[in-house]
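sequence? don't have it. structure:
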């Protein structure tokens, strides 16, 4: 049994070592990430040590421990390829029972940057709270117990969702990991600013609840035992021990099922696919126009729903387009004009329209024989984008207006948003024809090697051009605000901005159509490199 555990630990070390030997780039990225993670952990450890003796030290370390455990729980869902040992189905050929396998994998899970980072934070947490002989003794138990609960939680979640993680939906989750990090960073930033204004005492009610929730209860036991509340401290330790036992049991049950049950998901999916018959367009697709326009719109919307990279781009733009104006409004520092950020983020999706087709663009190219065909193709893609963008940008603007209470400015901001969206559709159509680039289907990169400069120039250059195209509407808004009595007429910016957005979109599509029709071979070559 000991030999099995030692073998798995050596296996984990071999996987790490061999992964670093694959390429110099991967080795440099791993070393850089390890240095940054350990530096951040050292700074966190120092900060927690400095909290020792602070009145609200427990209010900081208990939520921090709970947040750390939450990170371990979601990590396997969004980074399934970060640890090859997270997939126990690779071990089905080994003559191992669930019990020894659990112990071996648990020991192997303690090898790596993540466990070391967690150990630093947990160690700093108990140093901040421990006082008295009973507190110090409890801390010796609480540190490894908290670390084991976090690791067992990650393993149990991975084992319960291993079928998902190895499927297309699992790859979708991995692609969306960047969005989770971005949203989480915004939430943490917002929370830190609120705490800076209101003080750490605002966390006291949260800490009072979390000190009874494993694994934070193990850290809470250190504080309780130091205060002389031995009964509460023992109960808190028992909660963490019980959580560890429950997680190991759940993990072992899923391991046993994975190691002994056949995977019939592929056969079932194939059978369902054979039995399913196409009966024509149904549901919302019936609302689309007929002919080429409706076909292209449906194809573009299916990309949004099915293609992982396209879905990730959409979800990221939708989330950030809402987070920036709403969070600034919540902080009291926002402006209603921040609502235009939603239109800007969604308008970026018009850039590189052909890149999402990759090498399959040849089928689109075969259907374009004239400038008119290219115009209809680009117009349909813009309409598909507007199906989602227009109502969403309107929703974000209305929500921001409601939070700030500035209803008089709603028509003006809506007009500015629609004008900006039209300008970005126009420049996006032209950039799609002039600066196409490939989007790799595998991995996290959204640009094929050697095309990063092209993509950056297309996007940022297009954004600058779109801002310049919006100058007439912006100048009109400034003029109305600086003219006596002009604010009474700012509502005219809604119809004016909308009409300008439509006109500039049509003009941009007509300018991009002949270039698209003339550069079909070059576009196909550019988008096929990934």
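Yes, it's here. Everything numeric in this text was worked out from a predicted model, so none of it was measured.

three-state assignment of residue 497?
helix (DSSP: H, G, I helix; E, B strand; the rest coil).

Okay, and the nearest residue to it once chain neighbours are set aside sits in which element?
Closest residue to residue 497 in three dimensions, ignoring its sequence neighbours and counting by CB to CB, 6 or more residues apart in numbering: residue 415, at 2.8 Å. Every C-beta, even on glycine, is put in place using the N, C-alpha and C of the backbone. According to DSSP states H and E, residue 415 maps onto helix 410-434.

What angle do helix 410-434 and whatever helix or strand comes next after that helix make with each other?
With elements assigned by DSSP H and E, the helix or strand that comes after helix 410-434 is helix 452-469. Relative orientation of helix 452-469 versus helix 410-434 (axes from the mean of the first three to the mean of the last three CA atoms, to 10 degrees): 140 degrees.

Remind me what the helix holding residue 415 packs against, helices and strands.
helix 340-347, helix 371-404, helix 452-469, helix 471-482, helix 493-518 (3 or more CB pairs under 8 Å, 6 or more residues apart in numbering; DSSP states H and E).

ok, for residue 243, nearest residue in space, not its chain neighbours?
Closest to residue 243 by CB to CB, 6+ apart is residue 214, at 3.6 Å.

Count the neighbours of that neighbour for me.
Using other CB atoms under 10 Å, residue 214 has 28 other residues around it.

so it makes contact with residue 240?
Yes - taking contacts as CB atoms under 8 Å, residue 214 lies within contact range of residue 240: 4.4 Å.

shared neighbours, these two?
residue 149 (CB atoms under 8 Å, 6 or more residues apart in numbering).

ok, back up a step: got the contact list for the residue nearest to residue 497?
Counted by CB under 8 Å, 6+ apart, residue 415 has contacts 473, 493, 494, 495, 496, 497, 498.

One more pass at 6 Å, please.
493, 494, 497 (CB atoms under 6 Å, 6 or more residues apart in numbering).

can these go into a markdown table with extra columns for neighbour count and pLDDT?
Formatted as a markdown table, these follow (neighbours: other CB atoms under 10 Å; pLDDT from 0 to 100):
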| residue | neighbour count | pLDDT |
| --- | --- | --- |
| 493 | 24 | 90 |
| 494 | 18 | 91 |
| 497 | 28 | 91 |
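
In TSV: these, plus distance to residue 326.
Supplementary listing: these in TSV, determined by distance: CB to CB, whole Å:
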residue	distance to residue 326
493	23
494	22
497	22
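
Which one of the residues you listed is nearest to residue 362?
residue 497 (38.9 Å; CB to CB).

That closest one contacts residue 473, correct?
Yes - contact criterion CB atoms under 6 Å: residue 497 and residue 473 qualify, at 5.0 Å.

Which neighbours do those two have in common?
Contacts common to residue 497 and residue 473, judged by CB under 6 Å, 6+ apart, are residue 419.

Tell me where the stretch 51-200 of the chain has helices.
Taking DSSP state H, counting those that start in this stretch as the test, the helices found in the stretch 51-200 of the chain are 57-78, 98-109, 113-129, 133-160, 162-165, 168-175, 177-198.

any idea which of those helices scores lowest on pLDDT?
Ranked by mean pLDDT, the helices of the stretch 51-200 of the chain bottom out at helix 168-175, which scores a mean of 56.

least reliable of the helices and strands packed on helix 410-434 going by mean pLDDT?
helix 452-469 (a mean of 82).

what angle do that helix and helix 493-518 make?
Using the same axes, to 10 degrees, helix 452-469 lies at 140 degrees relative to helix 493-518.

Show me which residues of helix 452-469 are buried.
454, 455, 458, 459, 462, 463, 465, 466, 469 (16 or more other CB atoms under 10 Å).

which ones are touching the fourth one?
What that stands for is residue 459. Here residue 459 is in contact with residue 351 (CB under 6 Å, 6+ apart).

quick one: it from residue 313, how far?
12 Å (CB to CB, to the nearest Å).

Need the residues touching each of the two.
By CB under 6 Å, 6+ apart, no residue touches both residue 459 and residue 313.

Give me the neighbour count for residue 32.
With other CB under 10 Å as criterion, residue 32 counts 10.

same check, this time on residue 100
Residues near residue 100, counting by other CB under 10 Å: 15.

That one and residue 4 touch, don't they?
Yes - between residue 100 and residue 4 there is a contact at 5.2 Å, judged by CB under 6 Å.

In TSV, list the buried residues of helix 452-469 along with distance to residue 55.
Formatted as TSV, the buried residues of helix 452-469 follow (distance: CB to CB, whole Å):
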residue	distance to residue 55
454	56
455	51
458	54
459	49
462	53
463	48
465	55
466	52
469	56
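
what about the stretch 201-350 of the chain, any weak spots by pLDDT?
201, 259, 261-285, 333 (pLDDT under 70).

Which parts of it are helices?
204-210, 216-226, 230-260, 265-275, 291-306, 308-330, 340-347.

Now do the same contact list for the nearest residue in space to residue 296 that is not next to it in sequence.
The shortest distance from residue 296 to any non-neighbouring residue, by CB to CB, 6+ apart, is to residue 380 (3.5 Å). Residue 380 sits next to 293, 296, 297 when contact means CB under 6 Å, 6+ apart.

what residues go with each domain of this structure?
As given by automatic domain parsing, the domain ranges for the chain are 2-183+193-263, 287-527.

okay, now residue 526: neighbour count?
By the criterion of other CB under 10 Å, residue 526 has 21 neighbours.

repeat for residue 528
Neighbourhood size, residue 528 [other CB under 10 Å]: 16.

need the contact list for residue 417.
Taking CB under 6 Å, 6+ apart as the criterion, residue 417 is in contact with 340, 343, 393, 397.

Can I get those residues in JSON lines including distance to residue 432 and neighbour count?
Below are those laid out as JSON lines (distance: CB to CB, whole Å; neighbours: other CB atoms under 10 Å):
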{"residue": "340", "distance to residue 432": "22", "neighbour count": "25"}
{"residue": "343", "distance to residue 432": "18", "neighbour count": "28"}
{"residue": "393", "distance to residue 432": "21", "neighbour count": "26"}
{"residue": "397", "distance to residue 432": "26", "neighbour count": "26"}
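
out of the residues you listed, who's nearest residue 305?
residue 393 (20.1 Å).

Surely the closest one and residue 343 touch.
Yes - counting by CB under 6 Å, residue 393 touches residue 343, with 4.5 Å between them.

nearest residue to residue 49 other than its sequence neighbours?
Once flanking residues are discounted, residue 49 sits nearest to residue 127: 5.3 Å by CB to CB, 6+ apart.

One more: residue 232?
residue 224 (4.5 Å).

Check what contacts stretch 152-163 and list those residues.
Applying CB under 6 Å, 6+ apart, the contact partners of stretch 152-163 are 72-73, 75-76, 86-87, 244, 247-248, 250-251, 254-255.
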